[in-house]
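In: Mind looking at a prediction? Sequence and model below.
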Amino acid sequence: MIGKKETALLVVDMQYGGGAPDGSLVKMLHVDLTKQEDIVTPIVKLKDYFNDNGMLVINIKTEYEADFSDWKMLDEKFEVKKYKHFVKGTLDAEIIPPLAPREGEELIVKNRWNSFFNTRLDEILKSKNISNLIIVGAATDVCVLETCSTAFSLNYNCIVPIETTASFTPERKRIGLEILSFGRSKVVNVEEIYQMFE
């Protein structure tokens, strides 16, 4: 069992560019959207639960400068500038409407895959005495994995619900969950989350 007051929900990179047919990642990586499962509905349900119970919800989004001066290496590796990937001020970088930050929720803006890198995330969590993190979002094997790995290093107890995270292919999601489950986090079905609270 875990305490509600000590638990936060991190919603990672649920942005237009990651899942819309004309989103940057979909075009850049040729994602087959017909093989993508609906992770939005279970995340909305989790947000409802956390808000109804006065628990901490932190929305996390990625934004880059148009010239990628804030992470040149990313452009060198993936040519993201060509696709205007998550560029600040564009639709591509916006959190999708069903998961837009609600009143009372926190918002963290990052420019790396790791949500803790050069952000106030750890400071916010510590200020609210959070020790448990439910981590949802995309991609399983990229930003969710990097965020969870750092959280584990910082002594947070992490839990990743299977139905609330996705990657570019089902195989990449499977691999991501397998890596996450090695010490970094507990990987569970989303319905198990609700049974964990005292």
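Out: Yep, it's here.
In: which residues of this protein fall in strands?
Out: In the chain, strands defined by DSSP state E lie at 7-12, 56-62, 106-110, 132-138, 157-161, 165-166, 186-188, listed in chain order.
In: now those in CSV, with distance to Thr119?
Out: (C-beta placed from N, C-alpha, C; glycine too.) Shown next, in CSV, are the strands of the chain (distance: least, C-beta to C-beta, whole Å):
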stretch, distance to Thr119
strand 7-12, 11
strand 56-62, 8
strand 106-110, 5
strand 132-138, 14
strand 157-161, 17
strand 165-166, 20
strand 186-188, 24
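In: Any chance of the ones you listed in a markdown table with mean neighbour count as columns?
Out: Compiled in a markdown table, the strands of the chain are given as follows (neighbours: other C-beta atoms under 10 Å):
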| stretch | mean neighbour count |
| --- | --- |
| strand 7-12 | 25 |
| strand 56-62 | 22 |
| strand 106-110 | 17 |
| strand 132-138 | 25 |
| strand 157-161 | 21 |
| strand 165-166 | 28 |
| strand 186-188 | 17 |
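In: And those: which comes nearest Ser149?
Out: Smallest distance to Ser149 across those (C-beta to C-beta): 9.1 Å, for strand 157-161.
In: which residues touch the closest one?
Out: Strand 157-161 has contacts (C-beta atoms under 8 Å, 6 or more residues apart in numbering) with 2, 42, 46, 131-136, 144, 148, 151-152, 177, 180, 184-190, 192-193, 196.
In: now stretch 166-178
Out: In contact with stretch 166-178 (C-beta under 8 Å, 6+ apart) are residues 19, 25, 29, 31-32, 35-37, 39, 138-142, 144-145, 160, 162, 165, 187.
In: Quick one, which of those residues are buried?
Out: Neighbour counting by 16 or more other C-beta atoms under 10 Å classes 19, 25, 31, 36, 39, 138-142, 144-145, 160, 162, 165, 187 among the contacts of stretch 166-178 as buried.
In: Which entry within these corresponds to the minimum pLDDT?
Out: Of all the buried ones among the contacts of stretch 166-178, Gln36 carries the smallest pLDDT score, 86.
In: Pull up the distance across stretch 135-143, start to finish.
Out: Length of stretch 135-143, first residue to last, C-alpha to C-alpha, to the nearest Å: 10 Å.
In: For it, what is the distance to the chain centroid?
Out: 5 Å (C-alpha atoms, centre = their mean, to the nearest Å).
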